[in-house]
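Enquirer: 3D, please:
(4 chains, ligands or ions: 2)
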Amino acid sequence: MRSDLHFLKGPAGASACEGQDGDCIRCGAICVERFPVLKRLVNGHRLVYLDSAATAQKPEGVIAAQARYYRRHNANVHRGMHTLASEATDLYETCRRRTARFLGVTRPEQVIMTNGATGALNLAAFGLRHTLNPGDEILLTEMEHHANLVPWIKLARQEGLLLRHIPVTDDGRLDLGALPEMLTDRTRIVSLTHASNVLGTINPVAEIAAAAHKRGAVVIVDAAQSVGHMPVDFDALGVDLLAFSAHKVYGPMGLGFLVGTPEILSRLEPVEFGGEMIETVTLDDATWADVPHRFEAGTPNVAAAAAFPAALDLIEEATLERIRTHEIQLTGYALETLSAFDELTIYGPDDPSQRGGLVSFHDAKIHPHDLAQLLDARGVAVRAGHHCAQPLHRRLGVVATARASFGLYNSHDDIDAMADAIRYAREVFA
Amino acid sequence: MRSDLHFLKGPAGASACEGQDGDCIRCGAICVERFPVLKRLVNGHRLVYLDSAATAQKPEGVIAAQARYYRRHNANVHRGMHTLASEATDLYETCRRRTARFLGVTRPEQVIMTNGATGALNLAAFGLRHTLNPGDEILLTEMEHHANLVPWIKLARQEGLLLRHIPVTDDGRLDLGALPEMLTDRTRIVSLTHASNVLGTINPVAEIAAAAHKRGAVVIVDAAQSVGHMPVDFDALGVDLLAFSAHKVYGPMGLGFLVGTPEILSRLEPVEFGGEMIETVTLDDATWADVPHRFEAGTPNVAAAAAFPAALDLIEEATLERIRTHEIQLTGYALETLSAFDELTIYGPDDPSQRGGLVSFHDAKIHPHDLAQLLDARGVAVRAGHHCAQPLHRRLGVVATARASFGLYNSHDDIDAMADAIRYAREVFA
Amino acid sequence: MIGEMDELYREVILDHHRAPRGSAVIDTPDLEAEGKNPSCGDELTLKLRLDGDCVVEVSAVTCGCAIATASGSILAELVTGRTLAEVRQLADAFREHMHGDGDELPDELDPGDLDILTSVRRFPARIKCALLPWMTALEAIASHTQDRPVGVSTTEV
Amino acid sequence: MIGEMDELYREVILDHHRAPRGSAVIDTPDLEAEGKNPSCGDELTLKLRLDGDCVVEVSAVTCGCAIATASGSILAELVTGRTLAEVRQLADAFREHMHGDGDELPDELDPGDLDILTSVRRFPARIKCALLPWMTALEAIASHTQDRPVGVSTTEV
Ligand SMILES: Cc1ncc(COP(=O)(O)O)c(C=O)c1O
Ligand SMILES: Cc1ncc(COP(=O)(O)O)c(C=O)c1O
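Expert: Ligands and ions are numbered 1, 2, ... in the order given. Got it, this is the predicted structure:
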């Protein structure tokens, strides 16, 4: 019996748990019932949400925490000397502490709150501008999301830097054989994704970081697709900076994080300027507040910060180990299910244990946009397009792919529903 | 009988309305009952929230809209081809349209969504970087918030620009006599606040914009303290760019706006890079999507955008005219009440009709921080500090002030409560 | 709403996608333009033969999704026999329609199957697919009347 | 929580704010430092006279809020008679305490009125006010022991 059926079918806390120990998320009392949106009908069908890599659905705890913040505590933070402001500040800083703990980060001050992974990666790139000189090299990969490509393209133009890219092999991995040659004395920064949002590939970040550090390069990891889906330990990865978004981790929108070592954060320059991030301002001069506040100009999204810990609660209740096992199972089942279709190309490594919880594919007969649309007619939500990774798609030789991506609420049933819908779409196009 | 007592005391939609026509907000059925946080007790007292200039409280409609978004529609926007994504996109773009209409802006594309006023002002400043040359002058004022000072200080350092500041007169107005001399052939940008967050002063933006345009300068207005409190018509102001935050307009946190003329927006360069803002990306090059999308990199705060129209609904129900009348009355009453205290300095113009809804003051005997703390002991929330306007405070000759600021839910009773609390604080310090 | 998209697909796809109109081979077009939708990768080559101001033959070859292909096929069907001014009018009306909220295109434009594409509006990402051939036509006409070289048009409108 | 802050004010203010200790005039201090809290504008001049390693006289003149003034006054009271090492130990413990969540300072430090300032923790913006004199003392001691020039310390810790 497949592990996930239990928690899919029963309401939260239902009596018997038939799963084997440790691989059934319902054992941890996590249940699709906790995600209100999953009760929706779409075009008359049960919503089968397979787009968590774009944004994850939110458990009721997160939704309620955000509402409770506005109903009880709403205020601006830090400078306030009234009760609401002190409560808001406390909630805001609690989010920082919880996130630090979640990632095994020693000091909460190492966690900068931004408006998203994109904001975090832009801060990383442009905040290191003053450390770069013309001719310096930035090493990226061919499988990056635009958020980890375009800031560097812009910076390279402005500062005369050279961009290099670790190539992607035909089976969707980084070609690490090329690494020694690509890491040079001029490599100042290595920035790469932890898990590809198209191929699923999990990259050996710790290994690459160690090699890069030997060359004296700063290492940045885009963890938008890994945090919340697998254990991520900042210190163990050994990188200098790590970026991700709360909304992909079952948390609220409008909140992201840049985590850094104390050393790199002391060298990073702010890129947004205004209130809260200063120490002293005159008409012509300003000095910065301490890390991390100097990177958090203006009124932050306190409501989102007040809600995010509820997402971490859920994950810690399910445990990252079980979530990871679950996603590997789903990915394996998806790979198996999709392989049964003829004229359908699947991208990325074969081994599900080397992938994050998503599968991209291309139907030779149906354009991905049409496929996504017809799947939606059956209630199945997948994404189609270049998934903000145009260069990778060019490398794959297609303009667009369809992508099914998983969260802890997905089940084998969902993948069966997708397969049915693909069969239906093929009928329409037959 | 004072106009506001009605809507303060009765529940929403209560029977008799005793206010005169047009000056009673309850006539428009707006009621403190709609703001859940206002039912709170703080230190055993009714919460008297006088810190709306820092952030406004949220009506139940906004809180519920955001929760409903997460419970029903949550998805990433634009690229999605499934039902949830199309609904999310629709909600997101509806926010843009509603905001455009609210400000009398002709085309929704003129409205850029950011994470706040600070983000919007940074985009304005750094997005115009390429139009500036060493020696160019930027004209600001002495009463700016750090959000409209520090980006320019940074930019001036980087590009060799000269910052000039319209001085503030002793009665807290801009010294417009100095304007002809300060606006020179080298003035490229004039950026100023619509309403001061410390003095309350409403600046003659249209007049200054006209003079600046004669010199060929670009005009930016920081409308963080005016939008939602008084009628603001983008075209009538005649500025090129206008910035504000949703959270100060009874809306959610993590959302702001930069509104611009089509002409200036076509010249503005993006300052944040990633997904959604591009047209084509190769490993070494990228082209931008159309305005306004090119300024909205990464996953936007769709939940906040889905909720903000509920705040505009409330304002439109109350009408900006009535809100403005109400705030003038409150400000007048606050000025009158505070004037009765000896050794207490009040800042800004005497005439409440020339001020936004806030009053800053300084008690000669009690440090503002102590005062705010003791007021809080009585449930009265005011802010104390430099209110992110250190240069202005230097000009006023004090390090910090206390500030009471008003929203449509405040009443004369609230000001009486503040006066009582000040008397109490003076007793403690006696 | 239920089933609206399958309806669309069943109606439009089966007809236009499988047998697109406008597959004439035109070696010496009077008007020619390429359209491209960078975010989707849809591409279209449009060629028109004119008699005076009147379109007499159309070739619209689409490489992309079924919506773009069908829209190109509908275009080929609809513009044959119209003057360039009429084509422009129809294209403008269709663009307005796709960005607006009206139910149907005005009858007097004789919009044929075009109304069927209205249901695409629910999916903003696909509006561009439906508009691609029409924006390309507008581009071709503009460069013809102004005698400027034909560029690559995109549907970022 | 109710009334906690008024209690604090009634206890600490009435005593220390109205009659701050440490108002001795010290013309030739052995140790001297200025503290500044840029965001609040609180300022403090701290002067110590030593006998060997032991503090024998303190002048702590605060220009700022009552919390900073009271904290300076408590400092003047508490450090007189302690060695520099003891002062540093107390200041470090107080900083930890204000950023932590313990209820009281360890008895063996003999913290006197210092525990009273604990309730300030609820208001992060005011923690700096309470810490200002102590951070300034640490700065003064550090520059004394390392023989480096005394800078202006800030409470941004
Ligand atoms: C790998 C990767 N990096 C970065 C991002 C950007 O995240 P956001 O859009 O939340 O800023 C995403 C998500 O779109 C992603 O998948
Ligand atoms: C006049 C003024 N400008 C700008 C801002 C910055 O707004 P935000 O902190 O929401 O970015 C504020 C509010 O703090 C303000 O009062």
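Enquirer: When you work out contacts or count neighbours from here on, use the C-alpha atoms and nothing else.
Expert: Noted.
Enquirer: Three-state assignment for the residue in the stretch 101-250 of chain A that chain D sits nearest to, please.
Expert: Nearest to chain D, among the residues of the stretch 101-250 of chain A, is residue A:109, at 11.2 Å (Cα to the nearest Cα). Following DSSP: H, G, I helix; E, B strand; the rest coil, we place residue A:109 in the helix state.
Enquirer: in chain C, which spans are strands?
Expert: C:31-37, C:42-51, C:54-63, C:152-154 (DSSP state E).
Enquirer: Nearest to residue B:178 among the ones you listed would be which one?
Expert: strand C:152-154 (49.5 Å; Cα to Cα).
Enquirer: and stretch A:169-176, what's its mean pLDDT?
Expert: Averaging pLDDT along stretch A:169-176 gives 97.
Enquirer: Ends of that stretch, what's the gap?
Expert: End-to-end distance of stretch A:169-176 (Cα to Cα, to the nearest Å): 9 Å.
Enquirer: same deal with stretch A:218-238?
Expert: 11 Å.
Enquirer: Next, the contact list for residue C:60, please.
Expert: Applying Cα atoms under 8 Å, 6 or more residues apart in numbering or on different chains, we find residue C:60 in contact with C:21-23, C:44-47, C:72-73, C:76, C:133.
Enquirer: If the closest residue to it other than its chain neighbours is in a bridge, with which residues?
Expert: Distances taken as Cα to Cα, 6 or more residues apart in numbering or on different chains put residue C:46 closest to residue C:60, at 4.6 Å, once the chain neighbours are dropped. Beta-bridge partners recorded for residue C:46 (DSSP bridges): residue C:33, residue C:60.
Enquirer: Residue C:46 and residue C:141, how far apart?
Expert: From residue C:46 to residue C:141 the distance is 11 Å (Cα to Cα).
Enquirer: still on that earlier bit, to residue A:85, which of the strands of chain C lies closest?
Expert: strand C:31-37 (48.6 Å).
Enquirer: what's the angle between that closest one and strand C:54-63?
Expert: 30 degrees (axes from the mean of the first three to the mean of the last three Cα atoms, to 10 degrees).
Enquirer: Just want the angle from strand C:31-37 to strand C:42-51.
Expert: Using the same axes, to 10 degrees, strand C:31-37 lies at 160 degrees relative to strand C:42-51.
Enquirer: Against which helices or strands is strand C:31-37 packed?
Expert: Strand C:31-37 makes packing contacts with strand C:42-51, helix C:124-145, strand C:152-154 when contacts are defined by 3 or more Cα pairs under 8 Å, 6 or more residues apart in numbering or on different chains; DSSP states H and E.
Enquirer: ok so, going back, surely the residue of the stretch 101-250 of chain A closest to chain D meets residue A:295?
Expert: No. Between residue A:109 and residue A:295 there is no contact under Cα atoms under 8 Å: 11.1 Å.
Enquirer: ok, back up a step: looking at residue C:46 and residue C:141, which is more packed in?
Expert: residue C:46 (25 against 21; other Cα atoms under 10 Å in any protein chain shown).
Enquirer: Spit out the contact partners of the more buried one.
Expert: C:32-35, C:58-61, C:133, C:136-137.
Enquirer: please redo it, this time with the cut-off set to 7 Å
Expert: By Cα atoms under 7 Å, 6 or more residues apart in numbering or on different chains, the contact list for residue C:46 reads C:32-34, C:59-61.
Enquirer: count of residues packed around the residue of the stretch 101-250 of chain A closest to chain D?
Expert: 20.
Enquirer: pLDDT score assigned to residue A:34?
Expert: For residue A:34, the predicted pLDDT is 89.
Enquirer: hmm, back to that, is it correct that the residue of the stretch 101-250 of chain A closest to chain D is in contact with residue A:290?
Expert: No. Applying Cα atoms under 7 Å as the test, residue A:109 and residue A:290 come out as separate, 9.1 Å apart.
Enquirer: For the residue most central in space within chain A, pull up the helix or strand it's in.
Expert: Taking Cα atoms, centre = their mean, the centroid of chain A lies closest to residue A:224, which sits 2.1 Å from it. Here residue A:224 is covered by no helix or strand, with elements defined by DSSP states H and E.
Enquirer: That one contacts residue A:245, doesn't it?
Expert: Yes. Between residue A:224 and residue A:245 there is a contact at 6.0 Å, judged by Cα under 7 Å.
Enquirer: Can you give me the buried ones in stretch C:91-109?
Expert: Going by neighbour count (16 or more other Cα atoms under 10 Å in any protein chain shown), the buried part of stretch C:91-109 is C:91, C:94-95, C:97-98, C:105.
Enquirer: How far off centre is it?
Expert: 13 Å (Cα atoms, centre = their mean, to the nearest Å).
Enquirer: before we move on, what about stretch A:414-422?
Expert: 25 Å.
Enquirer: With just CA atoms, put that stretch into CSV.
Expert: C-alpha atoms of stretch A:414-422 as CSV (Å, rounded to 0.1, in the frame of the first residue of the first chain):
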residue,chain,number,x,y,z
ASP,A,414,-2.6,13.1,-8.0
ILE,A,415,-0.1,11.6,-10.5
ASP,A,416,-2.7,9.1,-11.7
ALA,A,417,-5.1,12.0,-12.2
MET,A,418,-2.4,13.8,-14.3
ALA,A,419,-1.8,10.7,-16.4
ASP,A,420,-5.6,10.4,-17.0
ALA,A,421,-5.7,14.0,-18.1
ILE,A,422,-2.7,13.6,-20.4
